[in-house]
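Enquirer: Have a look; sequence and predicted model below, questions after that.
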Amino acid sequence: MVPAQEQGRARSRRSHGPPLIRSRTQGRAAIGSPALVLLVGLFSLAGCGSPSVALPPTEGDFDYQLGAAADRLTDGTPLDVVVRDATATPLEDAYNVCYVNGFQTQPGSDWSDRPSALLRDASGEPVRDPDWPDEIILDPSTASVRASILEVIEPVIEGCADEGFDAVEIDNLDTWTRFDAISKDGALALASAYVTAAHDLGLAIAQKNAAEAARPAHDDLGFDFAVVEECGAYSECGAYTDAYGSHVLQIEYPDSLAEADLSFADVCADPARAPLTILRDRDLVRQDNATYVYEAC
């Protein structure tokens with residue numbers, strides 16, 4: 001598997017693609033629908049309340065380092081919070097979040113022995129993320145397939161714990177909002193299983209994507225905090241901070257802010273923003289790269 005820190009790219013997914021892909025609001029059951037209320041109620045009865053896990057600090061210096069790791073900022077300031085790929089090494093004396101792709105395949109990974117775990121189009125071909133075509137969408141719609149997915153992803157989460165990470169960020173919860181064939185209930189059931197796996201290992205777990213599900217993700221599924229990209233550009237920060245309070249790590253990118261006709265100063269002035277909010281270059285490159293960008297509110 002090619003380490004994500006060598007791929008150097010941000011994880012946000014916003015554009016729309018082929019007919020199988022739908023908009024962020026179209027064709028979804030409401031968060032408060034009876035089916036979802038029943039589902040998350042069952043999760044609550046199963047005892048998904050968070051155990052004692054360490055949450056990220058809400059003050060200090062934060063960096064999102066999926067592209068390249070660095071122990072300090074360019075001015076020499078030590079970092080207090082970092083997000084790094086599961087293949088990377090945690091930063092000593094910092095709060096470390098381990099990136100795990102929980103709802104799509106990681107580039108270079110082999111799922112050939114688990115064909116039923118992959119979402120397929122009408123012709124039977126695996127469905128790829130239109131923004132990241134080297135990633136195939138996982139289909140958590142049935143309990144047996146979820147079990148198969150967990151057999152692959154749980155060892156990755158265990159590896160994060162073994163390496164000394166404090167938490168995991170599970171990416172792409174929002175596939176049920178982007179692909180018609182993905183069962184929302186199945187996606188949330190898989191998310192709940194990830195929460196259990198992380199908590200059993202003493203790790204906190206962060207929600208990533210699906211702002212519309214932030215409240216049930218925190219209150220019912222048991223996510224502890226959130227890692228969010230571009231919530232300022234898309235006016236979604238309040239959904240996360242309302243659910244998680246100050247325990248939100250926020251990343252913005254210059255291109256999406258420009259498209260929204262916003263400056264990073266506008267984001268920093270937003271009362272709904274996270275305490276730890278940064279601006280990064282889209283490819284999350286090394287500090288010595290000419291395209292490197294880093295600012296903090």
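Expert: That came in fine, so what should we check first? Numbers count the residues shown, from 1 in each chain.
Enquirer: Doesn't residue 212 belong to a strand?
Expert: No: secondary structure assignment (DSSP: H, G, I helix; E, B strand; the rest coil) places residue 212 in helix, not in a strand.
Enquirer: Next one: it relative to residue 184, how far apart?
Expert: Distance, residue 212 to residue 184, by Cβ to Cβ, to the nearest Å: 11 Å. For the C-beta atoms, the positions are set from N, CA and C on the backbone; glycine is no exception.
Enquirer: More neighbours: these two, which one.
Expert: Higher neighbour count among residue 212 and residue 184: residue 184, with 21 against 17, using other Cβ atoms under 10 Å.
Enquirer: quick one: contacts for the closest residue in space to residue 225 that isn't next to it in sequence?
Expert: Of all residues not flanking residue 225 in the chain, residue 247 sits nearest, at 3.8 Å (Cβ to Cβ, 6 or more residues apart in numbering). Residue 247 makes contact with 55-56, 58, 224-226, according to Cβ atoms under 8 Å, 6 or more residues apart in numbering.
Enquirer: Neighbour count, secondary structure and pLDDT for these - can I get that in a markdown table?
Expert: As requested, the contacts of residue 247 are exported to a markdown table (neighbours: other Cβ atoms under 10 Å; DSSP: H, G, I helix; E, B strand; the rest coil; pLDDT from 0 to 100):
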| residue | neighbour count | secondary structure | pLDDT |
| --- | --- | --- | --- |
| 55 | 17 | coil | 97 |
| 56 | 26 | coil | 97 |
| 58 | 17 | coil | 97 |
| 224 | 23 | coil | 98 |
| 225 | 26 | strand | 98 |
| 226 | 27 | strand | 98 |
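Enquirer: quick check: longest helix of the chain.
Expert: helix 143-163 (DSSP state H).
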